[in-house]
Every structure is written in C-alpha cells, then in structure tokens.
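*Asks:* For reference, the sequence and a predicted model appear below.
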Amino acid sequence: NAGVMQNPRHLVRRRGQEARLRCSPMKGHSHVYWYRQLPEEGLKFMVYLQKENIIDESGMPKERFSAEFPKEGPSILRIQQVVRGDSAAYFCASSPPYDTNTGELFFGEGSRLTVL
Amino acid sequence: AQSVTQLDSQVPVFEEAPVELRCNYSSSVSVYLFWYVQYPNQGLQLLLKYLSGSTLVKGINGFEAEFNKSQTSFHLRKPSVHISDTAEYFCAVRAGSARQLTFGSGTQLTVLP
C-alpha cells in the first residue's frame, strides 16, 4: 500500500517563475492537506481539500498561491511568480474520507522548493 | 483557535539517558493530541496519539506521552535514548471538529555519544 506520494522532491525556480507541486494521497484517502515548513520552523497549515472542493484555505497566502484536487489525478499546489521567501519544504498529508476517530494525518516526504 | 507550544527548541542528551520533550496546548474544545518525528530531509512519521481513555499513551521506538488535562500538557518521554533518536519532534493538536492538525514549532533532539 503506497504512502502519500509527492513530486518533485526538489524543485529549483528563478524569481518570477511558477512552481507546481503534486501530491497523490494514500489509496482510499480523499482528504488532502498542504503544509509549509520554512527553515528552522514548524509546519504551518495552508489548505485542506476534498475531491473537487476546497474545504479550508485559511492558511493560504492571499496572492500567488492556489490549490486544487480534481476528480481525477493528484492534488496540485501552484505558486505563481515565486519569490525567495517561498523557498521552503511543502508537505502534503492525507486522511480517509470517513471519520475514523483517529485524526491522524499521513505525510509525504515533502517537496523542497528553492527560489534563486 | 487552538495553539501548541513546545517549550524547548533544542534538547541535547547523552546516549542511554532519559529525555522529556515538553508540549503544552491551548484549546477551548476537546482535543486529540499527537507526536510526530521528522528525520533529516524526510516527511513526518507518527510516534503516538491520544484520542481518549488512558492518559498514558505508548508509541513506537519506546516513546510514551502523558495527557494532563489540568495542565494542558502532553509531554513526550523515553527512559533511555539512542543515537538513532536524533531528529526533530513535533507536537500537534486536532481540536473539535477540525480535520487539520496544528503543529508546534518543533524540538530538535540530539543524542550525544
């Protein structure tokens, strides 16, 4: 049973370019969460999605950032016109569609974005 | 809104010594509590979780944690650490009906030979 798959693991972009990060949840999971980890900091919640729906985007920056989780295919976190401050590790997590009363999130290995 | 405070950013300890990593939370509703471990350049792995029932929770790799509602704490302990325990440890809370977790800022545990 494959875990949460993220790609690319490492991404280098120049200022002003676009970054696209992909996340395939664990099999049977339909809830996806994106977190950002800045150097020497903890994980900050960005957005929570179900298939074709954004449930909570309270942690998303108001500009340049967007996320989607289409009916088919992986969830995508998109950062337009990247700036150096976007350099971070972006983690995706997933959870099952029903309330199993565990609350546990299953994390991927992360995508590390470096903006030159 | 809920929050998590990890009081120590760095904890150095000698091999085979006991360790306690502190975590306090703030929430106005019922909570579920978690400890995750992150090894360098890797994702987060669940160590243990408290959902309900016994306040002493045992996890993987010999770790345990105790939920103390009156002190709003969920400290992580291990009686004897190994070099391989060197990693970043994160405390997290899920409050009420929220699905996402709120994380603390992390504690870097360094086990010295």
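*Replies:* Perfect, I can see it now.

*Asks:* Identify the residues contacting the nearest residue to B:Val29 once chain neighbours are set aside.
*Replies:* If the residues on either side of it in the chain are set aside, B:Val29 comes closest to B:Gly96, at 3.8 Å by CB to CB, 6 or more residues apart in numbering or on different chains. Placement of C-beta: from N, CA and C, glycine included. Residues in contact with B:Gly96 (CB atoms under 8 Å, 6 or more residues apart in numbering or on different chains) are B:27, B:29-31.

*Asks:* now do A:Gly16
*Replies:* With CB under 8 Å, 6+ apart, A:Gly16 has these contacts: A:81-82.

*Asks:* Check the spacing between it and A:Met46 real quick.
*Replies:* 21 Å (CB to CB, to the nearest Å).

*Asks:* cool, B:Glu15 as well?
*Replies:* For B:Glu15, the distance to A:Met46 - CB to CB - is 37 Å.

*Asks:* Same drill for those two, tell me which one is more crowded.
*Replies:* Neighbours of B:Glu15 and A:Met46, each counted by other CB atoms under 10 Å in any protein chain shown, are more numerous for A:Met46; the result is 22 against 14.

*Asks:* shouldn't that one be in contact with A:Met60?
*Replies:* Yes: at 5.2 Å, A:Met46 and A:Met60 qualify as touching, with contact defined as CB atoms under 8 Å.

*Asks:* In contact with A:Glu104, which residues?
*Replies:* A:95, B:34, B:46, B:49.

*Asks:* One more: A:Gln17?
*Replies:* With CB under 8 Å, 6+ apart, A:Gln17 has these contacts: A:81-82.

*Asks:* Touching, B:Ser27 and B:Ala95? I think so.
*Replies:* Yes: counting by CB under 8 Å, B:Ala95 is a contact partner of B:Ser27 at 4.4 Å.

*Asks:* which residues do these two both contact?
*Replies:* B:Gln2.

*Asks:* Comparing these two, which shows the higher neighbour count?
*Replies:* Using other CB under 10 Å as the criterion, B:Ser27 and B:Ala95 rank with B:Ala95 on top: 21 against 18.

*Asks:* Need the phi and psi values for B:His75.
*Replies:* For B:His75, the backbone dihedrals (degrees, to the nearest 10) come out as phi -80, psi 140.

*Asks:* Kindly report the same for the one 10 residues further on.
*Replies:* The phi and psi torsions at B:Asp85 (degrees, to the nearest 10) take the values phi -80, psi -10.

*Asks:* For it, grab the count of nearby residues.
*Replies:* Neighbour tally, B:Asp85, other CB under 10 Å: 20.

*Asks:* Contact partners for it?
*Replies:* B:19, B:61, B:78, B:109, B:111.

*Asks:* so what's the residue sitting nearest the centre point of chain A closest to, chain neighbours aside?
*Replies:* Ranked by distance to the mean C-alpha position of chain A (CA atoms, centre = their mean), the top residue is A:Trp34 at 3.3 Å. Once flanking residues are discounted, A:Trp34 sits nearest to A:Met46: 4.4 Å by CB to CB, 6+ apart.

*Asks:* The one you found sits in which helix or strand?
*Replies:* Assigned by DSSP states H and E, A:Met46 falls within strand A:43-50.
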